[in-house]
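In: dropping a prediction and its sequence here:
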Amino acid sequence: QLMNPPPAEQAAGLDGSNGNGIEVTIDKNVSTGTDGGGSNSNSSPLCDRRIIIAVVSLVVVGIAGGIAVALTKPSGTSNTARPATAASGGGVMGIMGATDDDFWQSDGMADESLEELQQQPYPTRRPSSSPHQSDAAAEAKPPTKQSVLDFLFQLNSEANEEAQQQQQTQKITLDNPNILFLPVDDLNTWLSYTGKNPQSKTPNFDRLAAMGLAFTNAHAASTICNPSRAATWSGIRPSTSGCYDNKDEPWTRFIAEGLNLNAHFKDNGWYAAARGKTYHSSKSGLHKADEKKTVYPSEWHEYPKSEKKPDPVPNHLAGFTQPFENARNYKDDHDPDWHTASYCIDQIRKFEERDGPTFLACGLIKPHLPFAVPQKYYDMYPTWEIELPPSPEDDLDDVPTMGWDMARPDKEDKNVTRLGRRRDAVQGYLASIRYADMNLGRILDAYEALPQSERDNTIVALFSDHGFHLGEKRHYKKGTLWEEASEVPFIWVVPGVTSPGSVCRRAVDLMSIYPTLCDLAGLDVPSHVEGANIRRLLENPDATWDGKAVSTMGYENHAVIDERYRYIRYQDGSEELYDHSKDPYEHTNRADWGGRYNTIKEELSAWLPKNGMRKWEKDQTCTDSYYADNDAFVKRCEDGSFVGRDPSDSCNFV
């Protein structure tokens, strides 16, 4: 069971449910011949095994938990709750409903004061789980409560995998399902269901996660808007298309008409509608599309222009490096996202009316700057209660020059610190996340109001285009290859495929969206699509997975991520390597440590994109239309032999 909003927030309607409480129950039943009412007249050996495991689990936890405390807890130390450690898997435990005591681990320290506890770092990004395990890590240790829980989770995972294998003897194919596509802008993983920043309270993101499967190790294809969105929608990586930066506008110079995900669904009978920010700079929709070239009109049935910004328009840095002076006069419906959500609510209500399925994209802009939201959202996070993420002064001392250049500590980090607005920036970001959560709640209300038959044939996919730094690695905003910029929320609800409240720790990236949606909808995957199909993980989050996530920032600058490590290689060959089991905030670069780390680098470097397309000079002699309009380019996309610019072209490269 996931978090319910406090009564005061329910009454105020801040949970997006019009004042109604959110009550979520996770169904953990396994389909083994049960009837519609949940009874099971033919108990299977698997069912018996799961019951035995559950009973034994209770006994073992009670006995071993007591033994663990007796063996590991020093005298004079009480069960004071401590932040999750790498061993405890804070984010996953949080979504599974663990109490503070579940995070307790004896470390020989006396009780801290509240002030000392508040200075502790946030829970870890992800638990240590990787085939790369040192001999030292395998040393025998006294049993702890957490180690017993991990053992039991492993048993339960094995039982779940066996159950799902029995369930999936026949592949489930939905009947031309509706697609509710929810891209969010600049949203990092500061959502309460992840446990990665306990200050953040997001009842509606939690609500969606409780409906389906949440990935806790998902990453954007690029860490800046334009190339990330171009890659996600087209299925073509930045290293293949050559679209690397926000300056590479419009994205239609790099992606041919008809290749995008929505176009593929539209061509196969789906009604394609959208509003808000889907692609980069696409808020105008079909309005002047031929002139702005930020949307292909042929790929949508309707895409109305976003609502005008309020008057006066908030300063772009409002709530960040300067106060948002108009917060007390600013209303929920002053922001374009309110109207985007309203449009999508109307479209959801039309699902039942249409003869065929709908592909609906609802692009929310918040928490993108400016942090211009009503005062009530700021009031939820008083500045004097704000805790800052860890950011050591010497954090960049072991980072290569190209990493330093991406961080730009002498610019925004220096400016925010000089203005004394580090806590204000975090406050503004948290307030903007909460505003986005409110609009998501409105959309989910409409989705849950659908007849059950429509909900049973509707896929929901939510993601962010990239993450966001709030001072970590002495950086603000995005555009780096570190965790804060690449990791994103990634939630799927697929009837008959995902299990409510499930969590997947496998490393995936957003290039997986295109092929996975095609598979789930029964469509062929176009040959130009480069991502991995993650349907197997949707069906069974614990399934064997040897894939990696790859994130790009500029020409030949890439990060490769698995369940334990992040490997970064820059264009000049310099490297970074972080071990999240020991260093979840990536403070220590192990790239030059040698030994087994060389083996790890070699394994991860095999996933680096090869022969990336170089960036074009602005004064190039070739026409911009070559990227998208040249017939040879489209032909290469169709036959799968090559996607992108011909390397033999005579244009100048940079």
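Out: Received the coordinates, thanks. Here the structure is a predicted model, which is why all the values come from computation and not from measurement. Numbering: from 1, shown residues only.

In: now do residue 570, the pLDDT please.
Out: Note for residue 570: predicted pLDDT of 97.

In: same question but for residue 137, I mixed them up
Out: Looking at residue 137, its pLDDT is 34.

In: try residue 645
Out: The per-residue pLDDT reported for residue 645 equals 41.

In: give me the secondary structure label for the nearest residue to residue 272 once chain neighbours are set aside.
Out: Nearest non-adjacent residue to residue 272, counting by CB to CB, 6 or more residues apart in numbering: residue 266, 4.2 Å away. For glycine as for every other residue, the C-beta is placed from the backbone atoms N, C-alpha and C. Following DSSP: H, G, I helix; E, B strand; the rest coil, residue 266 is assigned to helix.

In: so residue 266 is in contact with residue 273, correct?
Out: No - contact criterion CB atoms under 8 Å: residue 266 and residue 273 do not qualify, at 9.8 Å.

In: shared neighbours of these two, which are they?
Out: Common contacts of residue 266 and residue 273, defined by CB atoms under 8 Å, 6 or more residues apart in numbering, comprise 300, 301, 359.

In: count of residues packed around the second one?
Out: Applying other CB atoms under 10 Å, we find 14 other residues in the vicinity of residue 301.

In: likewise for the last one?
Out: Residues within reach of residue 359, counting by other CB under 10 Å, total 27.

In: parallel or antiparallel, which strands does the helix or strand hosting it pair with?
Out: Counting by DSSP states H and E, the element that carries residue 359 is strand 358-363. Applying DSSP bridges, strand 358-363 is found paired with strand 178-184 (parallel), strand 271-276 (parallel).

In: out of those strands, which comes closest to residue 248?
Out: Nearest to residue 248, of all these, is strand 178-184, at 18.8 Å by CB to CB.

In: and for the closest one, what's in contact with it?
Out: Applying CB under 8 Å, 6+ apart, the contact partners of strand 178-184 are 229, 232, 265, 270, 277-278, 348, 351, 357-364, 366-367, 436, 440, 443, 447, 454, 457-465, 489, 517, 521.

In: pLDDT of the helix or strand harbouring residue 489, averaged?
Out: Using DSSP H and E, residue 489 falls within strand 487-493. Averaging pLDDT along strand 487-493 yields 98.

In: got the angle for it vs strand 178-184?
Out: Put simply, strand 487-493 runs at 160 degrees to strand 178-184, going by axes from the mean of the first three to the mean of the last three CA atoms, to 10 degrees.

In: packing partners for strand 487-493?
Out: Strand 487-493 is packed against helix 203-211, strand 213-219, strand 458-464, with contacts defined by 3 or more CB pairs under 8 Å, 6 or more residues apart in numbering; DSSP states H and E.

In: and it, which strands flank it?
Out: Here, using DSSP bridges, strand 487-493 pairs with strand 213-219 (antiparallel), strand 458-464 (antiparallel).

In: dump these to JSON lines, plus distance to residue 206.
Out: Formatted as JSON lines, the strands paired with strand 487-493 follow (distance: least, CB to CB, whole Å):
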{"stretch": "strand 213-219", "distance to residue 206": "9"}
{"stretch": "strand 458-464", "distance to residue 206": "12"}
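
In: quick one, which of these is nearest to residue 334?
Out: Among these, the nearest to residue 334 by CB to CB is strand 458-464 (22.9 Å).

In: closest to residue 337 out of the strands paired with strand 487-493?
Out: Proximity to residue 337 (CB to CB) singles out strand 458-464 among the strands paired with strand 487-493, at 14.0 Å.

In: what sits up against that closest one?
Out: The contact list for strand 458-464 (CB under 8 Å, 6+ apart) reads 174, 177-188, 205, 208, 211-212, 218, 220, 232, 351, 440, 447, 450, 488-495, 510, 513, 517, 520-521.

In: one step back: between residue 266 and residue 273, who's got more neighbours?
Out: residue 273 (23 against 19).

In: so the more buried one touches residue 357, yeah?
Out: No - at 11.6 Å, residue 273 and residue 357 do not qualify as touching, with contact defined as CB under 8 Å.

In: could you dump the strand holding residue 359 to CSV, C-alpha only?
Out: This file holds the C-alpha atoms of strand 358-363, laid out as CSV (Å, rounded to 0.1, in the frame of the first residue of the first chain):
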residue,chain,number,x,y,z
THR,A,358,-6.7,6.8,-29.4
PHE,A,359,-3.1,7.8,-29.0
LEU,A,360,-3.2,10.7,-26.6
ALA,A,361,-0.1,12.7,-25.6
CYS,A,362,-0.3,15.1,-22.7
GLY,A,363,2.9,17.1,-22.3
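
In: just the mean pLDDT for that strand, thanks.
Out: 97.

In: how about stretch 244-262?
Out: Mean predicted confidence for stretch 244-262 is 90.

In: for it, which positions count as buried?
Out: Neighbour-count burial for stretch 244-262 flags 244-246, 248-256, 258-262 (criterion: 16 or more other CB atoms under 10 Å).
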